[in-house]
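Enquirer: fold the following and give me the result.
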Amino acid sequence: MRDIDQAKQAVRERVWRRLIDGGGAPADSYGKIPGFYGTEATAEQLARLDEWQQATTVKANPDWAQLPVRVRALEDGKRVYMAVPRMATPEPFYLLDPESLTLSTEEAAEKKGAAQVARRVGVDEVEPIDVVVCGSVAVNRSGARIGKGAGYSDLEVALLIEAGLVTEKTVIVAPVHALQVIEDDIPETEHDFSVDYIVTPDTVIPCSNRRRPRGLVWDDLTPEKIAAIPVLAQRRAAR
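Expert: Residues are numbered from 1 along each chain as shown. Below is the predicted model of the structure:
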């Protein structure tokens, strides 16, 4: 596992530098899910997908890079489940319902706005998810992807898979800059998922090598990680 973690970090370091040096994102994107240039155009590309147009529920990360996608989802009348940062509460998702917002879609889709107006919900209150939008540092054309290394996206998706809310019908997409799309292999572990589409400001790339975990991989979770995430601590206690 340590070798895989080191290999993933090497990919992240290379892509962060490539993206910043190539003018694809601000210099402060290093170490983060990059807030790349062209996020609005990426949201427009995503909105053209049939799967997006048919979707009624979207699960998205709270990263800045996905803000235009969250805004577009609300404008298109979709309910948005946005992860509470670091899954730090027993109800790990915000529910943004476009029919009941008291802020503009732009304000509500931001982390600060969501904390003000969205209802926090537990996994048992989440509806089946049609589209998962995941923040990524790097992705390759087979659909393998890596985030910034904290592992929250994987945990969120695993929780929803266990609950039967992310299924084979769910489409997972990675909105990224073209410089984040690499030809290299990306190491994968049991808890990693792949994406069905890579969406850049200029194009949509279908990925055929679908990979989904069966659910939470408890052996990969440290006691410290479990203790820091209330929903995991509750589930561990119930096992």
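Enquirer: ok, now which ones touch the residue nearest the centre of the chain?
Expert: Closest residue to the average C-alpha location of the chain: residue 134 at 2.1 Å, with Cα atoms, centre = their mean. Under the criterion of Cβ atoms under 8 Å, 6 or more residues apart in numbering, the contact list for residue 134 reads 61, 145, 147, 153, 157, 172, 173, 174, 195. Where you see a C-beta, it was placed from the backbone N, CA and C, and this is true even at glycine.
Enquirer: right, and residue 136 touches residue 42 too?
Expert: No: look at residue 136 against residue 42 with Cβ atoms under 8 Å: they stay out of range, at 11.8 Å.
Enquirer: will you turn the contacts of residue 134 into a markdown table that also has neighbour count and pLDDT?
Expert: A markdown table is the format used below for the contacts of residue 134 (neighbours: other Cβ atoms under 10 Å; pLDDT from 0 to 100):
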| residue | neighbour count | pLDDT |
| --- | --- | --- |
| 61 | 22 | 92 |
| 145 | 26 | 96 |
| 147 | 22 | 94 |
| 153 | 26 | 91 |
| 157 | 24 | 95 |
| 172 | 24 | 98 |
| 173 | 26 | 98 |
| 174 | 29 | 98 |
| 195 | 28 | 98 |
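Enquirer: so of those, which ones are in strands?
Expert: In this view, these that belong to strands under DSSP state E are 145, 172, 173, 174.
Enquirer: where does the protein have low pLDDT?
Expert: Within the chain, the stretches with pLDDT under 70 are 1.
Enquirer: show me the strands in it, by range?
Expert: Under DSSP E, the chain gives strands at 57-60, 79-83, 93-96, 119-121, 131-133, 138-140, 145-146, 171-175, 181-182, 197-199, 204-206.
Enquirer: please enumerate the helices of this protein.
Expert: For the chain, the helices defined by DSSP state H occupy 2-21, 39-47, 50-54, 67-75, 105-108, 111-117, 152-162, 223-228, 230-238.
Enquirer: adding distance to residue 99, write those out as TSV.
Expert: As requested, the helices of the chain are exported to TSV (distance: least, Cβ to Cβ, whole Å):
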stretch	distance to residue 99
helix 2-21	37
helix 39-47	19
helix 50-54	19
helix 67-75	10
helix 105-108	12
helix 111-117	12
helix 152-162	23
helix 223-228	34
helix 230-238	26
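Enquirer: wait, which of these is closest to residue 213?
Expert: Residue 213 lies closest to helix 152-162 among these, at 5.4 Å (Cβ to Cβ).
Enquirer: from the contact counts, what lies against that closest one?
Expert: Here helix 152-162 touches no other helix or strand, going by 3 or more Cβ pairs under 8 Å, 6 or more residues apart in numbering; DSSP states H and E.
Enquirer: okay, it in CSV with CA atoms only?
Expert: Listed in CSV are the C-alpha atoms of helix 152-162, where the atom choice follows Å, rounded to 0.1, in the frame of the first residue of the first chain:
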residue,chain,number,x,y,z
TYR,A,152,-12.9,11.7,0.9
SER,A,153,-14.3,11.2,-2.6
ASP,A,154,-13.6,7.5,-2.4
LEU,A,155,-15.3,7.3,1.0
GLU,A,156,-18.3,9.3,-0.1
VAL,A,157,-18.9,7.1,-3.1
ALA,A,158,-18.2,3.9,-1.1
LEU,A,159,-20.8,4.9,1.4
LEU,A,160,-23.4,5.6,-1.3
ILE,A,161,-22.6,2.3,-3.0
GLU,A,162,-23.1,0.4,0.2
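Enquirer: chain center to it, what's the gap?
Expert: Offset of helix 152-162 from its chain centre (Cα atoms, centre = their mean, to the nearest Å): 10 Å.
Enquirer: now do that helix: everything it contacts.
Expert: 59, 61, 83, 86-87, 92-93, 123, 126, 129, 132, 134-135, 147, 166-167, 172, 191-193, 212-217, 229, 231-232.
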